[in-house]
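*Asks:* sequence below, structure please.
(one chain, ligands or ions: 2)
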Amino acid sequence: MKKYPIEQGEDPAQQKRLDFASLSNKETQVKRLEFSEEQLSFALDAARMVFWDWNLQTGKASWSSNFVHLYGLDVDSQEKSYEAFLSTVHPEDRQLIEQDAQKSLQSKRDSSVEYRIILPDGKIRWIRSQYKFFYDEQGNPVKKTGIDIDITERKLAEIKIKDGLKEKEVLLQEIHHRVKNNLQVVSSLLDLQSMHIDSPALLEVFRDFQNRVKAMAIVHQQLYESNNLSQINLAVYIRSLTENLFQVYSIVPAKVSLILDLDNVSLKIDAAISCGLIINELINNAIKHAFNESTQGVIKLSLTKDESKNITLIVGDNGIGLPENWELPNSHPLEFQLVNALVQQLEGTIEYNCYCGTKFCIRIPCD
Ligand SMILES: Nc1ncnc2c1ncn2[C@@H]1O[C@H](COP(=O)(O)OP(=O)(O)O)[C@@H](O)[C@H]1O
Ligand SMILES: [Mg+2]
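*Replies:* Numbering: from 1, shown residues only. Ligands and ions are numbered 1, 2, ... in the order given. Now for the predicted structure:
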């Protein structure tokens, strides 16, 4: 293979190496040191990093030449000290640097901290500083050394994304509020319409529809008031739902009491609405059909989540029990078909028994 001679000035490193040959031992060492410093400074510049070193005993600092540019320091007048550095840091972030250093000292670990500096023209620059402490033989810290980098662009992008997300969350909450209001309008329209109805059976149908609309409206109300827009706390939802039903039927505790035993379970919105509608139907039925005049009614509702995160919902009453030949899938044209359809939608199962009143047990798999 043909070898090409290295031309003068083509490779500065090679040129320096060639220079070393003509120097004495000590001079060579000094030259080599200067050379590595030059290389380091070149590498730091290329990586847009600055290097600094703070002697904790003398309070004196030293830093790479590009430090002054990053921190907007006056090249001539500034003495190199920790105070000179700290004077550039945003007053609100100075404590943060101090706290982080204390943590690093306690844990004896390297650390990094992000803070703002104020440039002479008043502009803000974000800095990420990665640093470590050095200790003497007795374990006392003697110096702090670090490498800083300008992260303003990344920080501004982060702030923009966060602000955008917050804005979208507020918008989504607003939408839930509007959906709830619209459902309330539907409920009021049903109410208005029902004023012209004489038939008690038809009136009941209207009331059932109103309760279903209300069950859905409660979810949106809860989401509007919550910080978590993707999940609904089912226990909280069930409490409002049952409270509404007891209010609609003007039930006094002396006549029918409600016992709730609810685990802290959260569900996605769609699943929560399905569960809410199922509970609405079952409690509605218990209130309407289970008790005769003389019974001191009790409705129990329990919600549990097992280790495999499956949900079990039990709705029971101590009433008269279901009519004979009552079959779950083929029962009444709407209500139980609705319950069944909702259970299927949740890929769950439903069972019932009438040993002592009526008891429905619904199991829903959850991921
Ligand atoms: N908890 C219950 N206790 C006693 N009977 C019930 C209970 N739940 C349902 N039923 C009976 O089952 C029937 C069907 O219920 P459903 O399909 O919800 O229709 P609806 O409530 O409109 O009558 C009711 O009419 C009632 O006779
Ligand atoms: Mg019913």
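
*Asks:* quick one: Tyr131 is in a strand?
*Replies:* Yes: assessed by DSSP: H, G, I helix; E, B strand; the rest coil, Tyr131 belongs to a strand.

*Asks:* pull the number of nearby residues for it.
*Replies:* Residues near Tyr131, counting by other CB atoms under 10 Å, number 20. Where C-beta positions appear, they are placed from N, C-alpha and C, glycine not excepted.

*Asks:* indicate the residue of the stretch 51-200 of the chain located nearest to ligand 2.
*Replies:* Pro200 (14.8 Å; CB to the ion).

*Asks:* looking at the stretch 151-300 of the chain, which residue is nearest ligand 2?
*Replies:* For the stretch 151-300 of the chain, CB to the ion, closest residue to ligand 2: Asn285, 4.3 Å.

*Asks:* that older thread, tell me how far the residue of the stretch 51-200 of the chain closest to ligand 2 lies from Ser194.
*Replies:* 11 Å (CB to CB, to the nearest Å).

*Asks:* compare the two (neighbour count), which wins?
*Replies:* Ser194 (16 against 7).

*Asks:* hang on, that one packs against Glu204?
*Replies:* No: assessed by CB atoms under 8 Å, Ser194 is found out of contact with Glu204, at 9.8 Å.

*Asks:* by mean pLDDT, which helix or strand of this protein comes out lowest?
*Replies:* Within the chain, no helix or strand scores below helix 12-20, which has a mean of 50 by mean pLDDT, DSSP states H and E.

*Asks:* what's the first helix or strand after it?
*Replies:* The first helix or strand that comes after helix 12-20 along the chain, using DSSP states H and E, is helix 25-46.

*Asks:* tell me what that following helix is packed against?
*Replies:* Counting contacts by 3 or more CB pairs under 8 Å, 6 or more residues apart in numbering; DSSP states H and E, helix 25-46 packs against helix 12-20, strand 49-55.

*Asks:* what packs against the last one?
*Replies:* Applying 3+ CB pairs under 8 Å, 6+ apart, one finds that strand 49-55 makes contact with helix 25-46, strand 61-63, helix 67-71, strand 141-150.

*Asks:* quick one: the third one to chain centroid distance?
*Replies:* Distance of helix 67-71 from its chain centroid, counting by CA atoms, centre = their mean, to the nearest Å, is 37 Å.

*Asks:* and the contacts of it?
*Replies:* 50-52, 73-75, 78, 85, 88, 117, 125, 127, 148, 150 (CB atoms under 8 Å, 6 or more residues apart in numbering).
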